[in-house]
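Novice: here is my input, please return the structure:
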Amino acid sequence: MGAAKRVSGPGLQFFNSRTRRKEPFVSLEPGRARVYSCGPTVYSPQHIGNMRSVVFADLVCRALRLFGYEVTHVMNITDVGHLTDDADEGDDKMEKAARESGRRAEDIAAENTAQWLADRRRLGCIDPDVLCKATEHIDEQIAMIEKLEAAGATYRAADGIYFDIRAFPGYADLARLDLARQQAGARVTERKDKRNAQDFALWKFSPEGVRRQQEWDSPWGRGFPGWHIECSAMSTKYLGERFDIHTGGVEHLPVHHTNEVAQSEVALGVHPWVTVWMHHDWLVWGDEKIAKSTGNVLVLEDLVARGIRPLSYRYFLLQAHYRKQQNWGDDAIAAADTGYRRLLGQTLPLADAPGPVDAERIAPARERFLAAVCDDLNAPRALAVATEVARDESLSAAERRALIAAFDEWLGLDLLTAEPPDAAGESDPRIDALLEERQRARAAKDFATSDRIRDELAAEGIVIEDTPDGPVWRRR
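Specialist: Next up is the predicted model:
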């Protein structure tokens, strides 16, 4: 926010899943923040539920930059190793997609990665500084497994090399797991050659007599890496043996992130490997998480086909705190699209507003906005401040423009630069009702009421055109 990067009070505070409390953010290196985010598994197109993770990670990094940190943001692309079962059973998702489609796994991965990159940009997300693919970091993954082997933390099973969780006494800490209960529940069904139910694969052997599209030579035999090892190996390569923030979904806590911590802290001999763990909750449709496994998925292009702006979806996501489940529905996204278009109608006319800006007059609104960001990324509260400022006529147009420009550094909604909303086919029940009221007032020769309604709508950026077929409106 220009020269005013800092806000009085506690500064940035994030809820840390590792400690289960909200804490002031203190980076390992003053002025620099290193962030790793779990990215997509690209065996299929990324749906709108996946994109909540993308926008959440973007808000984390934007907040850090807003407060003057030099951010290094690393995100992975899982294009091998993610099995259909978190218990290291089933097929590799990439291999399965290739077999079922008759295509090359690398082509499927490239196509879905391109879709994901295009959609995240349409949602206003800043590109990661490093975007790393699992298939391009096989050597790094093998090297980390060798470190774990040297530490005595691995063993060989029939289908691969496994991490023995007994090598890491703090295995249950991150997710607060009840290992005794899980172990008891797994006794009947667990494979006999696994020492513990929670032991996980570091390297999987290619099945005998089966030629896979994705397999590599290793010290333990030909095969492919497990899912978890890629994040530890790649984050360490680009961010160092310890870094500040790791983001992902709540579904990653009990397995993927728990396993990342175990293998990383044993291999590297550090604690804590990551200072702050941040997890967003699910986007839900009815009583179910939006996920490929449930079949209730939409991609961003489905929304665009309905006339919904991509940034209307970002606006929708900003209406809920990231640690809360958010309910999806046709009415909810339609309301968000209307809300975003209405906000643009108020902010776009400010883009070129001339005049001086009184720093003291805008300070209270700026401080309230920054306080919302500081409070564990309270997006609904920050969005409410921006909406209030957009229509606050006690501030000059230039002052509102300055505030909106500053707010949008974090909101990412293109509030001063977006294409004006297309009025064709657009409907807004509130505006339509006001036009009907204006028509009745004009018929009754109540021109004071008619002019008042016209002026109120004009203040929102709504232009009324009286035609032979009646009044029509469009956003300026």
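Novice: would you mind measuring from the nearest residue to D119 once chain neighbours are set aside to V54?
Specialist: Closest residue to D119 apart from its sequence neighbours, by C-beta to C-beta, 6 or more residues apart in numbering: L300 at 4.5 Å. Just so you know, the C-beta spots here come from the backbone N, C-alpha and C atoms, and that holds for glycine as well. L300 sits 10 Å away from V54, taking C-beta to C-beta, to the nearest Å as the criterion.
Novice: cool, H280 as well?
Specialist: H280 is 10 Å from V54, where distance means C-beta to C-beta.
Novice: with Q439 instead?
Specialist: Using C-beta to C-beta, one obtains 45 Å as the distance from Q439 to V54.
Novice: now do E301
Specialist: Where V54 is concerned, E301 sits at a distance of 15 Å (C-beta to C-beta).
Novice: for A262, same thing?
Specialist: 26 Å.
Novice: compare those two and say which is more crowded by neighbours.
Specialist: Legend: neighbour count by other C-beta atoms under 10 Å for A262 and V54, higher for A262 (28 against 22).
Novice: residues near the residue nearest to L268 when sequence neighbours are not counted, how many?
Specialist: Leaving aside its sequence neighbours, L268 sits nearest to E241 (C-beta to C-beta, 6+ apart; 4.7 Å). By the other C-beta under 10 Å criterion, the neighbourhood of E241 contains 13 residues.
Novice: so E241 belongs to a helix, correct?
Specialist: No. Counting by DSSP: H, G, I helix; E, B strand; the rest coil, E241 is not found in a helix; it is coil.
Novice: for the remainder of this discussion, apply numbering that starts at 8.
Specialist: Sounds good: first residue 8 from here, last item E248.
Novice: is it true that it touches P279?
Specialist: No. Judged on C-beta atoms under 8 Å, E248 makes no contact with P279 at a distance of 11.3 Å.
Novice: and F376, which helix or strand is it part of?
Specialist: Per DSSP states H and E: F376 is located in helix 366-381.
Novice: how about the CA coordinates for that helix, as PDB?
Specialist: Extracted in PDB, the C-alpha atoms of helix 366-381 (Å, rounded to 0.1, in the frame of the first residue of the first chain):
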ATOM      1  CA  ALA A 366      -3.800  10.900   4.100                       C
ATOM      2  CA  GLU A 367      -5.500  11.600   7.400                       C
ATOM      3  CA  ARG A 368      -9.000  11.300   6.000                       C
ATOM      4  CA  ILE A 369      -8.300   7.900   4.400                       C
ATOM      5  CA  ALA A 370      -6.300   6.500   7.300                       C
ATOM      6  CA  PRO A 371      -9.200   5.000   9.300                       C
ATOM      7  CA  ALA A 372     -10.500   3.000   6.400                       C
ATOM      8  CA  ARG A 373      -7.000   1.900   5.400                       C
ATOM      9  CA  GLU A 374      -6.300   0.800   9.000                       C
ATOM     10  CA  ARG A 375      -9.600  -1.200   9.200                       C
ATOM     11  CA  PHE A 376      -8.700  -3.000   6.000                       C
ATOM     12  CA  LEU A 377      -5.200  -3.900   7.000                       C
ATOM     13  CA  ALA A 378      -6.500  -5.000  10.400                       C
ATOM     14  CA  ALA A 379      -8.800  -7.500   8.600                       C
ATOM     15  CA  VAL A 380      -5.900  -8.800   6.600                       C
ATOM     16  CA  CYS A 381      -3.700  -9.100   9.700                       C
END
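Novice: what's the domain layout of this protein?
Specialist: Listed by automatic domain parsing, the domain ranges of the chain are 20-292, 313-418, 436-482.
Novice: residues near C68, how many?
Specialist: Residues lying near C68 (other C-beta under 10 Å) number 22.
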